[in-house]
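Trainee: Provided below are the primary sequence and the corresponding predicted coordinates.
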Amino acid sequence: MLSKENNELICRVGRGTPMGELMRQYWIPALPSDEFPAPDSPPKRMMLLGERIVMFRDSQGRMGALEEFCPHRGASLYFGRNEEGGLRCAYHGWKFDITGKCLDTPTEQPERRERFCANIKARAYPCHEVNHMVWVYLGSRQEPPPFPLFEINTLPPDYVAAPRVMMEEANWLQNMEGDLDSAHLDWVHRRLHEDSPKPEKGVRGFWNPTGKPPLLDVVATEYGAYYSAKRILKDGSEWHRVNQFIFPFHTMITTGDGNVNLRSFVPLDDEHAMLIMHTGHPTQRLSNEVRRAQGALFDEVGGYIERTNDPRTYFMTKANKRNDYGRDMKLQNELMFVGIPFVGNLQDRAMTELMTNDAGQAIYDRTKEHLSASDAMIVTVRRQLINAATKLRDEGKLPPNVDNVELDKVRSATVRYPAGSDWKALSETARRAIPGTAAAADVGLII
Ligand code: FES
Ligand SMILES: [Fe+2]
């Protein structure tokens, strides 16, 4: 349970809010590279942490992100012409490059233009593109902090798939808390019986072989926290799923398929967050089969809705809360605990998007909850977030991983140890992203 005050503190992300300011200290993954297929391709609207921006790839192929509204008289730069090294506002032709530098103000008389232009600047956010993803820095430093060294950002590009994105229609935190809560695997993601086959749509349900609830063991770190959820296998050995939380909104959850991943819960505003799933292989090129499977992840549930001009409709799957996420009662009766296809976070969204506060906003009121031992990781991560946000607000102090990006070099792991083992000591290497080494994958997610 949280106080009303702390709940507001960790959920709200607009400019000037404590959590919003914490998030603005970091590079933020914004849109996949393929949204900007070529130099001078059409600009796209985007929204991050409640801020409206326009992103574009300039004539040299470099990515830019400008505040949506033109510094002249506020027309939307979304309608601007993207050509010859910048974005030219459609209203009166003022033009800006990716740094926000004013290149032209044609409404001024030619003799005054250069001087006038020198005093105008559009608000621009630095972009960094790597491994099929464009990241943006929304903070106030002149020189942005170092770029995060998550493994997914440091592997060769052909080891990494294009990111898959799923819009979640709820506050970022209630979405992310699912990744910190291993116990829900045994319920919302489970199959009905041990021998229930894979359904037509989605992956086969989860199965806990001995049915004993997982035991959580949590370790707070300077970059966030990691934890093990221990389950007992039929031979008595212990299966540890070791997952990571990294400030401000990233997780790594193990799937046991030998890949490494980064999952980012990026708020567009307080009631919408993208789940960006970025997957790669630590030691080899991704096969075409894996690439195709990643690309087609949501096809089984009908893919995405047609976008409107509101970024909150980007990556919205056709299966969503308006149609009960494609729930199929036959599937529920015969194969799965819940008849929603186990595809991406679709089942999770059915659980988290309907959590609201008294005003009916999709921002869960945590004054009403009753936590259990299986929520230990959630408790730790909330404490870490509250501490980090208030430390920044009150003392101007930052979590170490803003500047020490070496701390990003961690992994999740799924490991099997004899009963009574010291999992923390044994998994020390498996939890580090050591270049050229395989990811620990002793037990698959679905057994
Ligand atoms: S509002 Fe953009 S040039 Fe006038
Ligand atoms: Fe889940």
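Mentor: Received the coordinates, thanks. Numbering: from 1, shown residues only. Ligands and ions are numbered 1, 2, ... in the order given.

Trainee: what about the residue of the stretch 101-250 of the chain found nearest ligand 1, how many residues nearby?
Mentor: Relative to ligand 1, the nearest point of the stretch 101-250 of the chain is Thr107 (7.1 Å; Cβ to the nearest ligand atom). Where you see a C-beta, it was placed from the backbone N, CA and C, and this is true even at glycine. Residues lying near Thr107 (other Cβ atoms under 10 Å) number 12.

Trainee: verify the stated contact: it with Lys95.
Mentor: No - counting by Cβ atoms under 8 Å, Lys95 is not a contact partner of Thr107; they are 11.4 Å apart.

Trainee: can you list the domains in this protein?
Mentor: By the assignment in automatic domain parsing, the chain contains the domains 27-137, 151-426.

Trainee: take those and write them to TSV, including mean pLDDT.
Mentor: Listed next are the domains of the chain as TSV, based on pLDDT from 0 to 100:
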stretch	mean pLDDT
domain 27-137	98
domain 151-426	97
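
Trainee: could I get those domains as a markdown table with distance to Gly16?
Mentor: Output for the domains of the chain, formatted as a markdown table (distance: least, Cβ to Cβ, whole Å):
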| stretch | distance to Gly16 |
| --- | --- |
| domain 27-137 | 10 |
| domain 151-426 | 10 |
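
Trainee: which residues of the stretch 1-150 of the chain fall in strands?
Mentor: Applying DSSP state E, counting those that start in this stretch to the stretch 1-150 of the chain gives strands spanning 27-32, 44-48, 51-57, 63-67, 81-83, 86-88, 95-96, 102-104, 124-125, 127-130, 133-137.

Trainee: ok, now the stretch 151-300 of the chain?
Mentor: 164-168, 215-220, 224-232, 238-246, 250-252, 260-269, 272-280.

Trainee: in JSON lines, list those along with mean neighbour count and distance to Asp408.
Mentor: Listed next are the strands of the stretch 151-300 of the chain as JSON lines, based on neighbours: other Cβ atoms under 10 Å; distance: least, Cβ to Cβ, whole Å:
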{"stretch": "strand 164-168", "mean neighbour count": "23", "distance to Asp408": "20"}
{"stretch": "strand 215-220", "mean neighbour count": "17", "distance to Asp408": "17"}
{"stretch": "strand 224-232", "mean neighbour count": "23", "distance to Asp408": "10"}
{"stretch": "strand 238-246", "mean neighbour count": "24", "distance to Asp408": "6"}
{"stretch": "strand 250-252", "mean neighbour count": "24", "distance to Asp408": "8"}
{"stretch": "strand 260-269", "mean neighbour count": "24", "distance to Asp408": "9"}
{"stretch": "strand 272-280", "mean neighbour count": "24", "distance to Asp408": "13"}
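
Trainee: dump the residue contacts of the residue of the stretch 101-250 of the chain closest to ligand 1.
Mentor: Contacts for Thr107 (Cβ atoms under 8 Å, 6 or more residues apart in numbering) come out as 72, 92-94.

Trainee: okay if I get the strands of the stretch 151-300 of the chain as JSON lines plus distance to Gly139?
Mentor: Listed next are these as JSON lines, based on distance: least, Cβ to Cβ, whole Å:
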{"stretch": "strand 164-168", "distance to Gly139": "23"}
{"stretch": "strand 215-220", "distance to Gly139": "24"}
{"stretch": "strand 224-232", "distance to Gly139": "19"}
{"stretch": "strand 238-246", "distance to Gly139": "17"}
{"stretch": "strand 250-252", "distance to Gly139": "17"}
{"stretch": "strand 260-269", "distance to Gly139": "15"}
{"stretch": "strand 272-280", "distance to Gly139": "19"}
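
Trainee: adding distance to ligand 1, write the ones you listed out as a markdown table.
Mentor: A markdown table is the format used below for these (distance: least, Cβ to the nearest ligand atom, whole Å):
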| stretch | distance to ligand 1 |
| --- | --- |
| strand 164-168 | 30 |
| strand 215-220 | 48 |
| strand 224-232 | 42 |
| strand 238-246 | 39 |
| strand 250-252 | 36 |
| strand 260-269 | 24 |
| strand 272-280 | 28 |
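
Trainee: tabulate these (a markdown table), appending distance to ligand 2.
Mentor: As requested, the strands of the stretch 151-300 of the chain are exported to a markdown table (distance: least, Cβ to the ion, whole Å):
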| stretch | distance to ligand 2 |
| --- | --- |
| strand 164-168 | 12 |
| strand 215-220 | 15 |
| strand 224-232 | 12 |
| strand 238-246 | 11 |
| strand 250-252 | 11 |
| strand 260-269 | 11 |
| strand 272-280 | 11 |
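
Trainee: nearest the middle, which residue of the protein would you pick?
Mentor: Residue closest to the average C-alpha location in the chain (Cα atoms, centre = their mean): Ser264, at 1.7 Å.

Trainee: what bridges to the closest residue to that residue other than its chain neighbours?
Mentor: Excluding its sequence neighbours, the residue lying closest to Ser264 (Cβ to Cβ, 6 or more residues apart in numbering) is Ile276, at 4.5 Å. Applying DSSP bridges to Ile276 gives these bridge partners: Val165, Ser264.

Trainee: pretty sure Ile276 contacts Pro29?
Mentor: Yes - when contacts are counted by Cβ under 8 Å, Ile276 is listed as touching Pro29 (5.2 Å).

Trainee: need the overlap of contacts for these two.
Mentor: In contact with both Ile276 and Pro29: 133, 163, 264, 266, using Cβ under 8 Å, 6+ apart.

Trainee: need the contact list for the residue nearest to the last one when sequence neighbours are not counted.
Mentor: Taking Cβ to Cβ, 6+ apart as the measure, Val266 lies nearest to Met274, with 4.8 Å between them; neighbours along the chain are not counted. The neighbourhood of Met274, defined by Cβ under 8 Å, 6+ apart, consists of 165-168, 264-266, 268, 314-315.

Trainee: hmm, try it at 10 Å
Mentor: Met274 sits next to 29-31, 48, 163, 165-168, 172, 175, 264-268, 311-312, 314-315 when contact means Cβ atoms under 10 Å, 6 or more residues apart in numbering.

Trainee: now Pro400
Mentor: Contacts of Pro400 (Cβ under 10 Å, 6+ apart): 221-223, 247, 406-407.

Trainee: neighbours of the residue in the stretch 201-350 of the chain positioned nearest to ligand 1, how many?
Mentor: In the stretch 201-350 of the chain, the residue that lies nearest ligand 1 is Asn309 (18.2 Å; Cβ to the nearest ligand atom). Applying other Cβ under 10 Å, we find 9 residues neighbouring Asn309.
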